[in-house]
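# sequence first, then the predicted structure:
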Amino acid sequence: MKFTAIVLAGGSGSRMQSGTPKQLMSVLGRPLLYYSLAAFEKSPVTNIVLVTPAGEEGTYLSEFRGYGISKIVCAAAGGAERCDSVYSALQAIRENHIPSDFVLIHDGARACVTQEIISDMMAAAETYGAAVAAVPTKDTVKIADSEGLVGETPDRSIVWNVQTPQAFATDLVCAAFDAMYEKTDGSSPRGITDDSMVVERYGGTKVKLVEAAYTNIKVTTPEDLPLCEGILRQQGWT
């Protein structure tokens, strides 16, 4: 089976309060994005499609191939929303005839992804066709009403925090995204916050939750950087 990793690095990272895009910020002497790409380079995935800011595809390809990431087969331009960026990558897979039975869609800012998580997601994709990395929530969750008051408190034992990679059969996820954009006449759909939502809503497929790790954090705000560095040191990235 052929697996393609789609690594998303097309955002501006405005919440990092930095003039440098967060995926290029230095962490242990290398760009943050390097670590997720290097993890997939070491893994059994066949290819990597890198999603970059529009117009910077060539720059990113040159830089990260220079770090020895040889599995990157092409770069795709990021869009206005996450789902636009994912769709751009899926179209690149089809247009470039990249052999791909399954895709693993991953946030480039989740630098601490491990080989175990990647392998577990690959196995889940083959078994279920659709799966997401996740962890059981540690906190009590409240659902607010329109006035900002507590409307509901769900049972914590059934609440999970979703991460990436999210893994899907390529034909399934492509068909779901096609159906979504057909319904919206090609415009960016609202309210889609992760890839599994597209498969659930437009592919009619149940998605398997696969327990990952609390260390598989996404770097989003400045306080995440030292935590990310500490985890990477523990994982042996020095």
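Perfect, thanks for sending it.
# where does residue 126 land in three-state SS?
helix (DSSP: H, G, I helix; E, B strand; the rest coil).
# how about the contacts made by the nearest residue to it once chain neighbours are set aside?
Using Cβ to Cβ, 6 or more residues apart in numbering and skipping the chain neighbours, the partner closest in space to residue 126 is residue 1 (6.4 Å). In short, each C-beta sits where N, CA and C put it, glycine included. Residue 1 makes contacts with 101-102, 126, as judged by Cβ atoms under 8 Å, 6 or more residues apart in numbering.
# again, but for residue 156
Residues in contact with residue 156, defined by Cβ under 8 Å, 6+ apart, are 137, 139-141.
# quick one, phi/psi of residue 30?
phi -140, psi 160 (degrees, to the nearest 10).
# also residue 102?
Phi and psi for residue 102, reported as degrees, to the nearest 10, are phi -140, psi 150.
# quick one: the helices in the protein, in order.
32-42, 57-65, 82-95, 115-128, 170-183, 195-203, 224-234 (DSSP state H).
# I'd like those helices as CSV, with mean pLDDT and distance to residue 74 appended.
Shown next, in CSV, are the helices of the chain (pLDDT from 0 to 100; distance: least, Cβ to Cβ, whole Å):
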stretch, mean pLDDT, distance to residue 74
helix 32-42, 98, 14
helix 57-65, 97, 8
helix 82-95, 97, 6
helix 115-128, 98, 20
helix 170-183, 97, 15
helix 195-203, 97, 19
helix 224-234, 97, 27
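# so which of these gets nearest residue 215?
Among the helices of the chain, helix 224-234 comes nearest to residue 215, with 4.9 Å by Cβ to Cβ.
# any idea how far residue 179 is from the residue nearest in space to the middle of the chain?
By Cα atoms, centre = their mean, the chain has its centre lying nearest to residue 106, at 2.2 Å. From residue 106 across to residue 179, the span is 23 Å (Cβ to Cβ, to the nearest Å).
# any idea of the mean pLDDT for the longest strand seen in the chain?
Scanning the chain for the longest strand, with DSSP state E as the assignment, gives strand 160-169. Per-residue pLDDT over strand 160-169 has a mean of 98.
# can you state the direction angle for that strand and helix 82-95?
For strand 160-169 against helix 82-95, the angle by axes from the mean of the first three to the mean of the last three Cα atoms, to 10 degrees is 20 degrees.
# and strand 160-169 with helix 115-128, angle?
For strand 160-169 against helix 115-128, the angle by the same axes, to 10 degrees is 60 degrees.
# report all helices and strands that strand 160-169 contacts.
Other helices and strands packing on strand 160-169, by 3 or more Cβ pairs under 8 Å, 6 or more residues apart in numbering; DSSP states H and E, are strand 102-107, helix 115-128, strand 130-136, helix 195-203.
# name the helices or strands packed onto the shortest one?
Put plainly, it is strand 102-107. Counting contacts by 3+ Cβ pairs under 8 Å, 6+ apart, strand 102-107 is packed against strand 3-8, helix 32-42, helix 82-95, helix 115-128, strand 160-169, helix 170-183.
# what angle sits between that strand and helix 170-183?
Counting by the same axes, to 10 degrees, strand 102-107 lies at 60 degrees to helix 170-183.
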